[in-house]
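Asker: test case, fold it:
(one chain, ligands or ions: 1)
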Amino acid sequence: MAQMLEGKTALILGVANRWSLAYAIARAFVREDANVILTYQGDRQKQTVEELAAELKVHQVLPCDVTQDAQVDALASRLKDQGTVLNAVVHGIAFANREDLSRAFVETSRSGFALAQDVSVYSLVAVARATAPLMAARDHNGNPGGGSLTTLTYLGSTRVVENYNVMGVAKAALEASVRYLAADLGPSNIRVNAISAGAVKTTSARGIRDFSKMLEGGAKMAPLRRNTDPAEVADTAVFLASDLGRGVTGNVIYVDAGAHIMGFALPASTS
Ligand code: NAP
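Answerer: Numbering: from 1, shown residues only. As a prediction, this is how the structure comes out:
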């Protein structure tokens, strides 16, 4: 039986280690027969990402620090020069200073705010601009071009989630960017969507104060009464990158065991 991403090539940014949501997505893409290309931020991460790539049987790993325009452009040039036609791009990147994820939001510094927006939001715009020409091209079989760009967001964009702070504001801007990019790139048949994942213990998430309480509380209040499995996020990314997702763009799709629909819980009855 044909796999869902057979014949498709995907660029996945944001694998830091095997707990990364982007790693779960890369695994699912490989399972579905996609040709996957991974990136790493800098020399410090190179070896780890190369080892994970070898395990996944991913054959290409390229550098890309998304805060450096030259590196984003070099990545796109490299792919163009080697004749890569992209069908999907996954953006699984975010960063904020640890202190901005632990004290009151009102204390956020100008530089901390700008940093979170640069790495976590502007990078999507930069990656979209650089990779859109590689998706818009016709493929080797002359099929019409187009593709799917997917990013990862969190409920803290629309609700106040304690300690998420500057990252919540960044995710609000990210989701707005998804809509503007979807409008810009739709005529080239490029779809842009975000998956709003429930809380998952990853390196970035550990930077949020009391993250384990967030996990515990989330599992109690979610309709499915459990936390999110990274594989569930990955399978939704597969759907978006596949032909089954061909009519879906400009959306935020929640994969969070239903947590986003809940209001507040009543305190346990004492009577
Ligand atoms: P993660 O494993 O720490 O992934 C974050 C990635 O961003 C890392 O690979 C990190 O690379 C990369 N990154 C940071 N700055 C970069 C830069 N300048 N250039 C290139 N890459 C850079 O954590 P994650 O939880 O999987 O996060 C992936 C995405 O999912 C993020 O957008 C996050 O906000 C979102 N998300 C996470 C959760 C959750 O609960 N975990 C829930 C909803 C949404 P290095 O580590 O090499 O710096």
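
Asker: quick one: low-confidence parts of the chain?
Answerer: Counting by pLDDT under 70, the chain shows low-confidence ranges at 1, 138-144, 269-271.

Asker: strands of that one, start to end?
Answerer: Using DSSP state E, the strands of the chain run over 9-13, 35-40, 60-63, 88-91, 147-153, 190-197, 252-255.

Asker: any idea how far the longest one is from the middle of the chain?
Answerer: Right, strand 190-197. Offset of strand 190-197 from its chain centre (Cα atoms, centre = their mean, to the nearest Å): 8 Å.

Asker: could you do the third one as well?
Answerer: A distance of 18 Å separates the centroid of the chain from that of strand 60-63, by Cα atoms, centre = their mean.

Asker: reformat the strands of the chain as a markdown table; add distance to the ligand.
Answerer: The way it works is simple: take the backbone N, C-alpha and C, and place the C-beta from them, glycine included. Formatted as a markdown table, these follow (distance: least, Cβ to the nearest ligand atom, whole Å):
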| stretch | distance to the ligand |
| --- | --- |
| strand 9-13 | 6 |
| strand 35-40 | 6 |
| strand 60-63 | 9 |
| strand 88-91 | 8 |
| strand 147-153 | 3 |
| strand 190-197 | 4 |
| strand 252-255 | 9 |
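
Asker: separation between the spatially closest residue to Phe211 that is not a sequence neighbour and Ala219?
Answerer: Among residues not flanking Phe211 along the chain, Ala205 sits closest, at 5.3 Å (Cβ to Cβ, 6 or more residues apart in numbering). Taking Cβ to Cβ, to the nearest Å as the measure, Ala205 falls 14 Å from Ala219.

Asker: check Leu266 too.
Answerer: 18 Å.

Asker: looking at these two, which is more packed in?
Answerer: Comparing Leu266 with Ala219 by other Cβ atoms under 10 Å, the one with more neighbours is Ala219, at 17 against 6.

Asker: how near is that one to the ligand?
Answerer: For Ala219, the distance to the ligand (Cβ to the nearest ligand atom, to the nearest Å) stands at 13 Å.

Asker: spatially nearest residue to that residue (excluding sequence neighbours)?
Answerer: Closest residue to Ala219 apart from its sequence neighbours, by Cβ to Cβ, 6+ apart: Asn227 at 4.8 Å.

Asker: quick one: contacts for that neighbour?
Answerer: Asn227 is in contact with Gly198, Ala199, Val200, Leu215, Gly218, Ala219, Ala257, counting by Cβ atoms under 8 Å, 6 or more residues apart in numbering.

Asker: from Val61, how far off is it?
Answerer: Separation of Asn227 from Val61 (Cβ to Cβ): 30 Å.

Asker: which of the residues in stretch 248-265 are buried?
Answerer: If you call a residue buried by 16 or more other Cβ atoms under 10 Å, then stretch 248-265 has these buried ones: Thr249, Gly250, Asn251, Val252, Ile253, Tyr254, Val255, Asp256, Ala257, Gly258, Ala259, His260.
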